[in-house]
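# using only what follows, build the 3D model:
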Amino acid sequence: MRSTFWAGVVGVCLACGLSGLGCGDDGAPAPEEAAGGERTGEASCTGLDPSTVVDELTPAEAEQACKGYRTCEADRLDMNYFCRMFGVLGAKFGDNPGTDDAGVRARCGEHYESCMADPAQAAQLDQFLAELQERPCVQPTQCTATIAELDACAAATRAYSLNVLPECGALTVAWYDQERDTEAVMEACGKLSTGCMALFALPEEPEEE
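Below is the predicted model of the structure:
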């Protein structure tokens, strides 16, 4: 069975800024440039030196970075997170949605518990993440940012994704229409060019023959 449900969920995550691309370490020191222009700095989850300029990545290094970000995402976004998101979305947009605070909290809890108790959901998510890792990466273009700057964007996005979703017990009807505070994400990611985002891009799912 194709993992279309979790593919859709991850797609919604990315569209809403909830993808959890946090692969850098929060508060990591900025990399220093050694004498002679040699690359140095704290290790990134990409396995590359954070002082590396993205435009200077070889195709092999770009793929390594891309795969590294995907691995970080898979490792840090567990079933609890996805089932909580499933509960929050299902409470408002699923069958028999809640119409008041008590209702959305009850529906959210039901969806969450059902998701967590279903082994098939965990297996399907694992299958999708494995398939995601096998999809081809895209070579970034016109990106003068460093890996450290991409890591900072990833860390800010990760923090946002973890904080934006309420627990079912704290969910309210008003939450769905609230403006989100994305200032930290915009500060970390706003200076990155579109070409840099190729390393974060969710590749399209291959069409079934």
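
# residue 48 reaches residue 61, doesn't it?
Yes: the criterion here is Cβ atoms under 8 Å, and residue 48 meets it with residue 61 at 6.1 Å. (C-beta placed from N, C-alpha, C; glycine too.)

# out of those two, which sits in the busier spot?
residue 48 (23 against 17; other Cβ atoms under 10 Å).

# quick one, what contacts the more buried one?
Residues in contact with residue 48 (Cβ atoms under 8 Å, 6 or more residues apart in numbering) are 57, 61, 64, 65, 68, 147.

# could you pick out the buried ones from these?
57, 61, 64, 65, 68, 147 (16 or more other Cβ atoms under 10 Å).

# secondary structure and pLDDT added to these, as TSV?
Output for the buried ones among the contacts of residue 48, formatted as TSV (DSSP: H, G, I helix; E, B strand; the rest coil; pLDDT from 0 to 100):
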residue	secondary structure	pLDDT
57	coil	93
61	helix	93
64	helix	91
65	helix	91
68	helix	86
147	helix	93
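
# from those residues, pick the one nearest residue 111.
Lowest distance from residue 111 to the buried ones among the contacts of residue 48 (Cβ to Cβ) belongs to residue 68, with 32.1 Å.

# how about the contacts made by that closest one?
23, 44, 45, 46, 47, 48.

# please report how far it lies from residue 78.
In this view, residue 68 and residue 78 are 18 Å apart by Cβ to Cβ, to the nearest Å.

# and residue 133, that's in a helix?
Yes: assessed with DSSP: H, G, I helix; E, B strand; the rest coil, residue 133 lies in a helix.

# which residues of this protein fall in helices?
4-16, 59-76, 79-93, 101-117, 119-134, 147-164, 183-189 (DSSP state H).

# winner for burial among those?
helix 147-164 (a mean of 22; mean count of other Cβ atoms under 10 Å).

# so what secondary structure elements neighbour that helix?
In terms of contacts (3 or more Cβ pairs under 8 Å, 6 or more residues apart in numbering; DSSP states H and E), helix 147-164 is packed against helix 59-76, helix 183-189.
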